[in-house]
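Peer 1: Build me a structure from this.
(one chain, ligands or ions: 1)
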Amino acid sequence: MTATIIDGKAIAAAVRAEIEAAVAARRARGLRQPGLAVVLVGDDPASDVYVRAKARQTVEVGMLSFEHRLPATATEQDILDLVARLNADEKVDGILVQLPLPPGIDAQRVLCAIVPDKDVDGFHPQNAGRLALGLPGFVPCTPLGCIRLLASVKTDLAGLHAVVVGRSNIVGKPMAQLLLAKDCTVTMAHSRTIALPEVCRQADILVAAVGRPEMIRGAWLKPGAIVLDVGINRLPPDAGTGKARLVGDVAFEEARRVAGAITPVPGGVGPMTIACLLQNTLTSAERQDRAA
Ligand code: NDP
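Peer 2: A predicted model of the protein is given here:
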């Protein structure tokens, strides 16, 4: 068997095209452009790449991008003051504080300072609680992207056994909530799970969000399973090519011979995250319009 490769790049491009059309339609009706503010503290190179990509794609779909860069020496109060200004700014529909924040800054305190109505990352406790209760709110972008990718290969997920490996607040836990809302039977696995390969072999849907290169082997999969690989692991430069390589948490070449469908790394879950961030920003603008 050779798995269907789920093309996250193409699906993300389709989502961005839908958003671009919706933003153009808003403007044609005389409504304002949605705005996304991104806050970057310090000079982490990976974060810098993400922030640039977010700003570029925000502008490409016709939205306003506000980039705020603070030095690594910024105090927690400096960041809280900036968040307070963005909370009050009517041009800003979504606020994203790029993680990780420098040591010494209480990230949870900063995330809690964002008004839940502009929390397009879905990390505020109020939005996490809303997701758990099945109420409308903002859902974290990576799990939201995963659900969209799943929909591209299977529409009815009811009764399927989903195993989510990883229980972080930004990926694993919200992913499990979304799968539960789709009527899956959900198992959450983590570093203390006993007999992980056997647990994974029960999965009709396997979501890997661990951060360990190629940890999940082909032999751990149920034949025909749908595999979503969230992991982004940068391997040291290859001795032959001299190039660094990105791999997921799943051993792709082995897994594609067993799975029914699988996301590649790169080009799978990754591109969906920003597309869903833009989707959440558009949703926020629409909600603010209705509230006005
Ligand atoms: P965290 O480090 O916050 O969480 C990792 C989870 O994996 C934890 O729950 C941990 O368990 C579990 N884990 C660690 N080791 C094992 C093991 N040996 N067996 C089983 N479970 C294990 O990571 P994130 O959720 O933030 O990210 C996970 C991966 O996804 C990373 O590679 C990250 O780069 C990537 N990522 C990709 C995104 C995208 O846009 N595609 C967005 C966000 C993340 P425990 O809780 O017990 O410690």
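Peer 1: which stretches of the stretch 151-292 of the chain form strands?
Peer 2: 161-165, 185-189, 205-208, 226-229, 233-235, 245-247, 261-262 (DSSP state E, counting those that start in this stretch).
Peer 1: now these as JSON lines including distance to residue 3, mean neighbour count and mean pLDDT?
Peer 2: Any C-beta I mention is one placed from the backbone N, CA and C, and that applies to glycine too. Below are the strands of the stretch 151-292 of the chain laid out as JSON lines (distance: least, CB to CB, whole Å; neighbours: other CB atoms under 10 Å; pLDDT from 0 to 100):
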{"stretch": "strand 161-165", "distance to residue 3": "17", "mean neighbour count": "25", "mean pLDDT": "99"}
{"stretch": "strand 185-189", "distance to residue 3": "21", "mean neighbour count": "18", "mean pLDDT": "98"}
{"stretch": "strand 205-208", "distance to residue 3": "12", "mean neighbour count": "28", "mean pLDDT": "99"}
{"stretch": "strand 226-229", "distance to residue 3": "7", "mean neighbour count": "29", "mean pLDDT": "98"}
{"stretch": "strand 233-235", "distance to residue 3": "20", "mean neighbour count": "13", "mean pLDDT": "93"}
{"stretch": "strand 245-247", "distance to residue 3": "17", "mean neighbour count": "15", "mean pLDDT": "93"}
{"stretch": "strand 261-262", "distance to residue 3": "5", "mean neighbour count": "24", "mean pLDDT": "98"}
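Peer 1: Make a markdown table from these and add distance to the ligand to it.
Peer 2: Output for the strands of the stretch 151-292 of the chain, formatted as a markdown table (distance: least, CB to the nearest ligand atom, whole Å):
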| stretch | distance to the ligand |
| --- | --- |
| strand 161-165 | 5 |
| strand 185-189 | 6 |
| strand 205-208 | 8 |
| strand 226-229 | 9 |
| strand 233-235 | 6 |
| strand 245-247 | 10 |
| strand 261-262 | 14 |
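Peer 1: any chance of those strands in TSV, with distance to residue 152 too?
Peer 2: Putting the strands of the stretch 151-292 of the chain into TSV (distance: least, CB to CB, whole Å) gives the following:
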stretch	distance to residue 152
strand 161-165	16
strand 185-189	20
strand 205-208	13
strand 226-229	10
strand 233-235	24
strand 245-247	22
strand 261-262	9
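Peer 1: Out of those, which is closest to residue 285?
Peer 2: For residue 285, the closest of those is strand 226-229, at 28.6 Å, according to CB to CB.
Peer 1: quick one: contacts for the closest residue in space to residue 97 that isn't next to it in sequence?
Peer 2: Using CB to CB, 6 or more residues apart in numbering and skipping the chain neighbours, the partner closest in space to residue 97 is residue 39 (4.6 Å). Listed by CB atoms under 8 Å, 6 or more residues apart in numbering, the contact set of residue 39 reads 68, 70, 79, 82, 83, 86, 95, 96, 97, 98.
Peer 1: For the second one, grab phi and psi.
Peer 2: It refers to residue 70. The phi/psi pair for residue 70 (degrees, to the nearest 10) reads phi -110, psi 150.
Peer 1: Can you verify my assumption that it contacts residue 80?
Peer 2: No: using CB atoms under 8 Å as the test, residue 70 is too far from residue 80 to be in contact (11.3 Å).
Peer 1: Spit out the residues that contact the two alike.
Peer 2: Joint contacts of residue 70 and residue 80 (CB under 8 Å, 6+ apart) do not exist.
Peer 1: Kindly indicate the member of the contacts of residue 39 with the most neighbours.
Peer 2: Among the contacts of residue 39, residue 95 has the most neighbours (other CB atoms under 10 Å), with 28 neighbours.
Peer 1: So it versus residue 242, what's the distance?
Peer 2: Here residue 95 is placed at a distance of 40 Å from residue 242 (CB to CB, to the nearest Å).
Peer 1: likewise residue 274?
Peer 2: 29 Å.
Peer 1: So which of those two has more stuff around it?
Peer 2: In this view residue 274 and residue 242 are compared by other CB under 10 Å, and residue 274 has more residues nearby, 20 against 7.
Peer 1: According to the record, where do the domains of this structure fall?
Peer 2: Following automatic domain parsing, one finds the domains of the chain at 30-115, 141-271.
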